[in-house]
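Asks: Attaching a predicted model along with its sequence, questions to come.
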Amino acid sequence: MQTVIVTGATGLIGKEVASFLSSKDYKVIKCSKSLGHDLTDEPSVKLWFEENPADVLINLFALNHHIEDSVIDSRKTNLFDISLDSVKEYFTVNVVSLFSVCREFARNNKYGKIINFSSIYGMVSPDPFLYEGRGCKHVGYAVSKCAVRQLSKYLAVHFAPNITVNCVIPGGIINNQSDAFVEKYERKVPLKRMMKVEEINGVLEFLCSKSSSYCTGSEFIIDGGYTLW
């Protein structure tokens, strides 16, 4: 039985992935801030990975907020009102801590697979039209998720040949959004709908399996075609 660590295991995707992999006879170790794990604390990360060897690491933890409504001005985001500290926080969690987590996994496991998660907003800019009347995606989120893609490629080269590193890039997942948001979002998707959370499972089953043995540094875009135009 293979052991899989799922960070961010109590989030929307994390809960689904942990449940799915458990049903496929993987031993799943859950790691999440809500379970008491602080992945921004390097000594804690070092100790935790020393104590939890695994075959696969799936990184779903991330800082992901909308800009506060107070800095939204009609159709556009007022970038001049965003604090630099808030931008730094995104990089601390989504990039620096991700590097720390990946490094400690590689330090403590001679062989294995790492699967990181970026976002379509690491490929294209969030569209202010989609978020009219509510907080748009923060610039720190978008830029840090772009950095996740490059970090995954860098680690794929430097952890090879014994540890593979790949990156999943999901599109918008249906999750109690307003009807207005869903309608506007779906106009931008060739498949004309948002993703169901369980639709992420297929690519993860492949990446966790021996079938992906020659995949490293690859990006798997699961977005219904959103980023094609």
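Replies: Happy to help now that I have it.

Asks: Every contact and neighbour count from this point should use C-alpha atoms.
Replies: Will do.

Asks: where does the chain have its least confident helix or strand?
Replies: Scoring the helices and strands of the chain by mean pLDDT, DSSP states H and E places strand 72-73 at the bottom, with a mean of 43.

Asks: The lengthiest strand in the chain packs against which elements?
Replies: In the chain, taking DSSP state E as the definition, the longest strand is strand 163-170. Packing partners of strand 163-170 (3 or more CA pairs under 8 Å, 6 or more residues apart in numbering; DSSP states H and E): strand 112-117, helix 139-159, strand 219-222.

Asks: Would you give the sheet partners of it, along with the direction of each?
Replies: Using DSSP bridges, the strands paired with strand 163-170 are strand 112-117 (parallel), strand 219-222 (parallel).

Asks: Just give the number of residues close to A54.
Replies: 21 (other CA atoms under 10 Å).

Asks: and it, that one's in a helix?
Replies: No - applying DSSP: H, G, I helix; E, B strand; the rest coil, one finds A54 to be coil, outside a helix.

Asks: just checking, it touches N109?
Replies: Yes - assessed by CA atoms under 8 Å, A54 is found in contact with N109 at 7.0 Å.

Asks: now the helices for this structure?
Replies: With DSSP state H as the definition, the chain shows helices at residue ranges 12-23, 42-51, 84-91, 97-108, 139-159, 179-187, 201-208.

Asks: neighbouring contacts of the first one?
Replies: By CA atoms under 8 Å, 6 or more residues apart in numbering, the residues outside helix 12-23 that reach it are 6-9, 27-28, 30, 60, 197-198, 200-201, 205.

Asks: could you give the angle of that helix to helix 201-208?
Replies: Helix 12-23 runs at 60 degrees relative to helix 201-208, counting by axes from the mean of the first three to the mean of the last three CA atoms, to 10 degrees.

Asks: Identify each buried residue in helix 12-23, please.
Replies: I13, G14, E16, V17, A18, F20, L21 (16 or more other CA atoms under 10 Å).
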